[in-house]
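**Student:** Pasted the sequence and its predicted model underneath.
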Amino acid sequence: MSIESEQNITRIHIEDKEFILIGTAHVSRQSAEQVKEVIERERPDTVCIELDEPRYQSIVEGDKWKQTDIFQVIKERKATLLLMNLAIGSFQKRMAKQFGIKPGQEMIQGIESTKETGAELVLADRNIQVTFSRIWNNLGFTGKAKLLTQIIFSIFSDESITEEELERIKSKDMLDSMLNEFTQVFPQLKTPLIDERDQYLAQKIRTAPGEKVVAVLGAAHVPGITKEIHKEHDLERLSERPPKSKAPKIIGWMIPLAIIALIAYTFINNPSAGFDQSISWILWNGGFSALGVLIGMGHPLAILTAFIAAPITSLHPLLAAGWFAGFVQAYFKRPSVKDFDTLSEDVLSVKGFWNNKVTRVLLIVVLANLGSTLGTIIGGADVVRLFIKNFT
């Protein structure tokens, strides 16, 4: 195997095949231009791009997501996931807007140039849901909270960088230092987010048909792929989703059953104390869930719905107060076609993110659920306190 490097391009020769890796930045105009120039000049047999099927379809289908039924999103329990995807995407879109290009333009250019040259297109990245599940599985409660906090801060940061700085980031020395820093902050994430995907991408690129293969990649993956491409990797193993732990489900049922048992036992032996426990549970649960909807500036009936639903849904792990509050919010403040049309622009600012009816419904769902969770913790503790007070 031989390796040659030039500006943002790495050439690898393995036996009778040549691999040309283009290291890109996902919001760089120069990256998109370079992808077009290299593919047209090299005329490869195959072009591999760092996309999986879902992300490829979102690019090809364009604005099809605007047909989303907000009620269906809530019903399928995808409100939090959609909200986080919109939030994370807003950071990249804001940078892309700063440079006057589309986010992921280098991937779009790769797809277009592949068609124009008649090369075969290979979607080389691992399914993003598999990556997310393997990342989430590697984090404990503290790690998850820290990661979400970092994401939220990055979303609403007004910091901007020059395109020259962006291009410098693509140099290998800079990337190595970035990855080292990344590993220090979130050491559990480097394996599923970088190392495993390097192996997956390397295997897909290595086995791509033809004697000349061009790969359009985020620059952070180029050093790892250069190291891994001469090895054999098991794609089936790398695509496995981690088994779901039964502990959360068991705990999810044990806590409400314990709360019900304590209140029932107290009622039988001391109806007055049992009544106090019930009121405490309702006020803490309903109050915090309603407060969450109020903070999200939800409809008055959505606030009332959260207050009524939370004490009940908290006793059933398969239900959530946010779903009911979200349905009511969506019914009275149903997002219009205009809200979906302006969503991609609205998520670029805190004000737009807050005012768009689509993101408002999603916020109501999330805030109501967060409030209910907090209310469950405090209300449950108070139920236990009253139980101990009356039976010791």
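**Tutor:** In hand now; what should we look at?
**Student:** CA atoms for contacts and neighbours, from now on please.
**Tutor:** Fine.
**Student:** which residues in the stretch 1-150 of the chain form helices?
**Tutor:** In the stretch 1-150 of the chain, the helices defined using DSSP state H, counting those that start in this stretch lie at 29-42, 53-61, 70-75, 79-98, 105-117, 128-137, 141-155.
**Student:** Could you check the pLDDT of residue 188?
**Tutor:** pLDDT recorded at residue 188 is 69.
**Student:** swap that for residue 290, sorry
**Tutor:** Reported pLDDT for residue 290: 96.
**Student:** Got phi/psi on it?
**Tutor:** phi -60, psi -40 (degrees, to the nearest 10).
**Student:** which ones are touching it?
**Tutor:** 303, 304, 305, 306, 307, 368, 371 (Cα atoms under 8 Å, 6 or more residues apart in numbering).
**Student:** Distance check, it against residue 117.
**Tutor:** From residue 290 across to residue 117, the span is 58 Å (Cα to Cα, to the nearest Å).
**Student:** give me the number of residues near residue 243?
**Tutor:** 9 (other Cα atoms under 10 Å).
**Student:** Return the closest of the contacts of residue 290 with respect to residue 286.
**Tutor:** residue 307 (3.7 Å; Cα to Cα).
**Student:** still on that earlier bit, any chance of the contacts of residue 290 in JSON lines, with neighbour count, distance to residue 130 and pLDDT too?
**Tutor:** Shown next, in JSON lines, are the contacts of residue 290 (neighbours: other Cα atoms under 10 Å; distance: Cα to Cα, whole Å; pLDDT from 0 to 100):
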{"residue": "303", "neighbour count": "28", "distance to residue 130": "36", "pLDDT": "96"}
{"residue": "304", "neighbour count": "20", "distance to residue 130": "38", "pLDDT": "97"}
{"residue": "305", "neighbour count": "25", "distance to residue 130": "35", "pLDDT": "96"}
{"residue": "306", "neighbour count": "36", "distance to residue 130": "33", "pLDDT": "96"}
{"residue": "307", "neighbour count": "27", "distance to residue 130": "36", "pLDDT": "97"}
{"residue": "368", "neighbour count": "37", "distance to residue 130": "28", "pLDDT": "93"}
{"residue": "371", "neighbour count": "24", "distance to residue 130": "29", "pLDDT": "92"}
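**Student:** show me where the protein has strands.
**Tutor:** 2-6, 9-14, 17-24, 46-49, 120-123, 212-218 (DSSP state E).
**Student:** Name the helix or strand of this structure that has the lowest mean pLDDT.
**Tutor:** Scoring the helices and strands of the chain by mean pLDDT, DSSP states H and E places helix 172-185 at the bottom, with a mean of 50.
**Student:** which one of the contacts of residue 290 sits closest to residue 205?
**Tutor:** residue 368 (45.2 Å).
**Student:** Could you list the low-pLDDT ranges of the stretch 251-392 of the chain?
**Tutor:** 337, 341, 344-345, 347-350, 392 (pLDDT under 70).
**Student:** ok, which stretches of it are helices?
**Tutor:** 271-295, 300-313, 321-332, 337-341, 343-346, 350-355, 357-391.
**Student:** nearest to residue 47, of these?
**Tutor:** Comparing the helices of the stretch 251-392 of the chain under Cα to Cα, the one sitting nearest is helix 343-346, at 29.0 Å.
**Student:** how about the strands of the chain in TSV, adding mean pLDDT and distance to residue 356?
**Tutor:** Output for the strands of the chain, formatted as TSV (pLDDT from 0 to 100; distance: least, Cα to Cα, whole Å):
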stretch	mean pLDDT	distance to residue 356
strand 2-6	57	45
strand 9-14	92	42
strand 17-24	93	33
strand 46-49	96	33
strand 120-123	96	34
strand 212-218	94	32
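**Student:** For residue 113, find the nearest of these.
**Tutor:** Closest approach to residue 113 among the strands of the chain is made by strand 46-49 (9.1 Å; Cα to Cα).
**Student:** just how off-centre is the closest one within its chain?
**Tutor:** Strand 46-49 has its C-alpha centroid displaced from the chain centroid by 25 Å (Cα atoms, centre = their mean, to the nearest Å).
**Student:** What strands line up against it, and which way round?
**Tutor:** strand 120-123 (parallel), strand 212-218 (parallel) (DSSP bridges).
**Student:** Pull that strand out as CSV, backbone CA atoms only.
**Tutor:** Provided in CSV are the C-alpha atoms of strand 46-49 (Å, rounded to 0.1, in the frame of the first residue of the first chain):
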residue,chain,number,x,y,z
THR,A,46,-17.2,5.0,-8.1
VAL,A,47,-17.8,7.9,-5.8
CYS,A,48,-18.4,7.2,-2.1
ILE,A,49,-20.0,9.9,0.0
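**Student:** Domain-wise, how is this protein divided?
**Tutor:** Split into domains by automatic domain parsing, the chain comes to 2-238, 247-391.
**Student:** which of these sits most buried?
**Tutor:** domain 247-391 (a mean of 20; mean count of other Cα atoms under 10 Å).
**Student:** wait, doesn't residue 293 sit right on residue 302?
**Tutor:** Yes. With contact defined as Cα atoms under 8 Å, residue 293 and residue 302 form a contacting pair (7.1 Å).
**Student:** tell me, what's touching those two both at once?
**Tutor:** residue 325.
**Student:** returning to that earlier point: so can I have TSV of the strands paired with strand 46-49 showing distance to residue 195?
**Tutor:** As requested, the strands paired with strand 46-49 are exported to TSV (distance: least, Cα to Cα, whole Å):
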stretch	distance to residue 195
strand 120-123	18
strand 212-218	13
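**Student:** Go through the ones you listed and name the closest to residue 106.
**Tutor:** strand 212-218 (7.7 Å).
**Student:** need the contact list for residue 302.
**Tutor:** The contact partners of residue 302, taken as Cα under 8 Å, 6+ apart, are 293, 324, 325, 326, 328, 329.
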